[in-house]
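In: The sequence isn't on hand, but the structure is:
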């Protein structure tokens, strides 16, 4: 029921300037907030004086190693670019303000909430999505561990959670149970799958160290 | 062959697939991001829809001007929902809808619609009944026995105030649809708990023949009781599509709108008085309760819950508020009823200096399933180490971290909804099972596949399952924990019927009668004689060129012994409360649940984990906070409308009550029963820890500290 959009298709012009606020406020969730990503990302925003838009501008995004040329209004967020202008729908738009982590992708090795990154600011970065981590039809060890431990129910938070776990294990290959509870507080699940996620993270850590996905 | 095939479940010890912990069959699709939800729909000519919603809790539209929105390049349709003169009854109410080439333009267009309002007085808070005035609608008094006499003769009387707030479903996939209305036909990609029924619902609203509406939904990102109908935003999306030349329109609610208008669990408040004897027997119940679920008032929780005390006096009042409307919430009315009842029982136990476990046991005679609860209370107590860890109220240690235990009990109906299933056996040996059900994440796909595989003597992978498509045989809505009972029974019957046809075709080759055959381990064999057998594939070749296609049906009113309803459950909690910060932490929760026949223990356990975690959310964090000044929800987001994170849940221990006695009842369903009692167990554990009742939940630090301050005052 889906087909890739033509990435070069011209977008209808717009005359409104209603650029979406970049930082939309950071609340304190029930767990730890991701890893202070907003601060890091904000510091890397467009250089001062560079004005783009409000009309669509050419934007090149490198996603899972492939470049895509798009015409996007500067207000388009990375999650919307992935979901609405391409067909990368694994990342989900849920809270749309950097609380829940359903939109998590990895950008230049950092775990980011793609609802709170502007697409134009993601240019020149290596963007890795859930679609890019399984290789040659083989599930990534994190995805496989989620299946093994029934760490998913409706599955809507799952792709974001899997990416957060992957990003976390890339930096913390030997987590304890307690580390997992602290390190993954930036993703929320409504069905209540955390009981499966905790052992899944530990199993994935073991698998990844074993180099079986090398 | 006997006239009536034997559909009964295979004996527990003979099952090869059912009853074995099994990974969900769609697990890899979900965890790899390949599962396509309706909100993931992409297509080249797709348009995006957005709503303009009311900023006021109560107002009349005096004018609405969409001309600027219509002029915005990229806008394909603008529709007025609330024309001049319309009275708006809650903030978030739909006023206009827009379709546009991009999501950004659609939302921008809604901001260009100019509306003038006459603002009217509103009521958005019901916690103080005295302020509700004419908005409070008392239902009248009900009396049982002689409560006055019972209160006079009691050894002890305890009075308390208790409150459980409105919370929102907060489905991670918001409500919405993709609608494509071309000519006289509609393609609908919904996010619904009712794939079979939603087309008919839309048909009534837009006057298109139901047969012209095709529905497809393969995955849904949460429903919890809030996603059954096509909804005004779905109807609008259809009309926007029609007005845009039949191009598909994707309209899913933004998070703030989702939390304001896409459903909520009504509140429950009560002043409760109970009387009893020194030995723990409760003799009388009196309650003045109230609740709201929006403009239509609220539900009336069935109190006293589970315990039908001999003498009762009850008054319930529904309060109409200018808030978004109630929808079924995973065990409608039961969470409220459990909270209002089992808190009062715990307080009674504390008043007479008795262990609440004993008080609950003492009163089981006035429940519908005393033996089930008695066994469950014992099992729960063992799993949470009640004898060792429980202490009288307030004696939770001398430090600032106080530990406590609490318990509560629940009941639910369940059963099996109407369901039809088609099972096809093809000459090449492939098997297709088809029914228009949906998998909410509960494991429905896996359970159906397991039942078919078990019945046909095949491995799980040999069965191809199709669900979520309205061209398939209809199956009921997933509500009331009735799905597993319905789909397992219809699948069992269809598979038995198909297998009987295969036996007919194979019997001559094996030189026996069809009723002497059985399907075991991928073979068709003479009963008890594996030497006379054919492989499944060789057997199916005997069909020639014609496949077998057989139906099976579950009738909700006459399930034929394949499924049943009515369960009991006990949940307990072990918490630690920091009396300096007011923070409540869960150490452990225990759930003991009777659920009849368990098809997949893996997904059954996951459902109970999920129910407990939702209960932890409700006990500690969740609350829709309305502001009486502005009439708006103060926390229509996910940072201040909190749900638990991975570090908030402690340990959860599940005991599935799997016994031959429960098993012979067939599947019952457990999505709802698992989500009821833990809320109250946590509240009771908190009272046990700190020595004082925190009357209203969620147990936020400020409420805990305020309760401690009142005690110390």
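Out: All right, it came through fine. Since this is a predicted model, take the numbers as computed values, not measurements. Numbers count the residues shown, from 1 in each chain, chains lettered A, B, ... in the order given.
In: Tell me which residues are up against stretch B:490-508.
Out: B:1, B:5-7, B:9, B:419-425, B:433, B:435, B:448, B:451-452, B:455-456, B:475, B:513-517, B:519, B:524, B:534, B:539-540, B:542-543, B:548-554, B:562 (CB atoms under 8 Å, 6 or more residues apart in numbering or on different chains). Glycine gets a C-beta too; all of them are placed from N, C-alpha and C.
In: And the helices in chain A?
Out: A:37-43, A:78-80, A:141-148, A:158-171, A:177-183, A:194-209 (DSSP state H).
In: which outside residues touch the second one?
Out: By CB under 8 Å, 6+ apart, the residues outside helix A:78-80 that reach it are A:61, A:91, A:93, A:96, A:103, A:105, A:112, A:114-115, A:117-119, A:121-122, A:127, B:103-104.
In: quick one: pLDDT of residue B:658?
Out: pLDDT, residue B:658: 87.
In: What residues does the stretch 151-300 of chain B have near chain A?
Out: Along the stretch 151-300 of chain B, the residues adjacent to chain A under the rule CB under 8 Å from any CB of the partner chain are B:170-174, B:189, B:216, B:219-222, B:224, B:254-255.
In: May I see those organised as TSV, with neighbour count added?
Out: Listed next are those as TSV, based on neighbours: other CB atoms under 10 Å in any protein chain shown:
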residue	neighbour count
B:170	28
B:171	27
B:172	28
B:173	27
B:174	25
B:189	24
B:216	18
B:219	24
B:220	26
B:221	29
B:222	25
B:224	27
B:254	18
B:255	21
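In: which among those gets closest to chain A?
Out: The shortest approach to chain A among these belongs to residue B:221, at 3.1 Å (CB to the nearest CB).
In: one step back: can you list the helices of chain A in TSV and add distance to residue B:241, mean pLDDT and mean neighbour count?
Out: As requested, the helices of chain A are exported to TSV (distance: least, CB to CB, whole Å; pLDDT from 0 to 100; neighbours: other CB atoms under 10 Å in any protein chain shown):
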stretch	distance to residue B:241	mean pLDDT	mean neighbour count
helix A:37-43	37	40	15
helix A:78-80	21	98	25
helix A:141-148	35	98	26
helix A:158-171	28	98	26
helix A:177-183	44	95	17
helix A:194-209	38	97	22
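In: and of those, who's closest to residue B:71?
Out: With CB to CB as the measure, helix A:78-80 is the member of the helices of chain A nearest residue B:71 (23.6 Å).
In: which residue sits closest to residue 63, ignoring its sequence neighbours?
Out: In the absence of a named chain, chain A is used. residue A:127 (4.8 Å; CB to CB, 6 or more residues apart in numbering or on different chains).
In: that's the wrong chain, I wanted chain B
Out: In space, residue B:63 is closest to residue B:116, 4.6 Å off (CB to CB, 6+ apart).
In: what do you get for residue B:350?
Out: residue B:393 (4.2 Å).
In: Give me the domain ranges for chain B.
Out: Following automatic domain parsing, chain B resolves into domains at B:12-32+B:419-554, B:264-414+B:564-712.
In: any chance of these in a markdown table, plus distance to residue A:70 and mean neighbour count?
Out: Shown next, in a markdown table, are these (distance: least, CB to CB, whole Å; neighbours: other CB atoms under 10 Å in any protein chain shown):
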| stretch | distance to residue A:70 | mean neighbour count |
| --- | --- | --- |
| domain B:12-32+B:419-554 | 24 | 21 |
| domain B:264-414+B:564-712 | 28 | 22 |
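In: residues of the strand or helix carrying the residue nearest to residue B:63 that come out buried?
Out: Assigned by DSSP states H and E, residue B:116 falls within strand B:114-119. For strand B:114-119, burial by neighbour count (16 or more other CB atoms under 10 Å in any protein chain shown) applies to B:115, B:117.
In: partner strands of that strand, parallel or antiparallel?
Out: Next to strand B:114-119 in the sheet, as set by DSSP bridges, lie strand B:59-65 (antiparallel).
In: Surely residue B:585 touches residue B:649?
Out: No - Residue B:585 is not in contact with residue B:649 according to CB atoms under 8 Å; the separation is 9.9 Å.
In: Leaving out chain neighbours, which residue sits closest to residue 167?
Out: Reading this off chain A. Per CB to CB, 6+ apart, closest to residue A:167 is residue A:111, 3.5 Å.
In: My question was about chain B, not that one.
Out: Closest to residue B:167 by CB to CB, 6+ apart is residue B:622, at 4.4 Å.
In: which regions of chain A lie under the pLDDT threshold?
Out: A:1-49, A:211-214 (pLDDT under 70).
In: and it, what are its domains?
Out: Taken from automatic domain parsing, chain A resolves into A:37-132, A:141-209.
In: where along the stretch 451-600 of chain B do the strands fall?
Out: Ranges of strands in the stretch 451-600 of chain B, per DSSP state E, counting those that start in this stretch, are B:463-466, B:517-520, B:523-526, B:529-535, B:548-554, B:567-578, B:584-593.
In: Thank you kindly, that will do.
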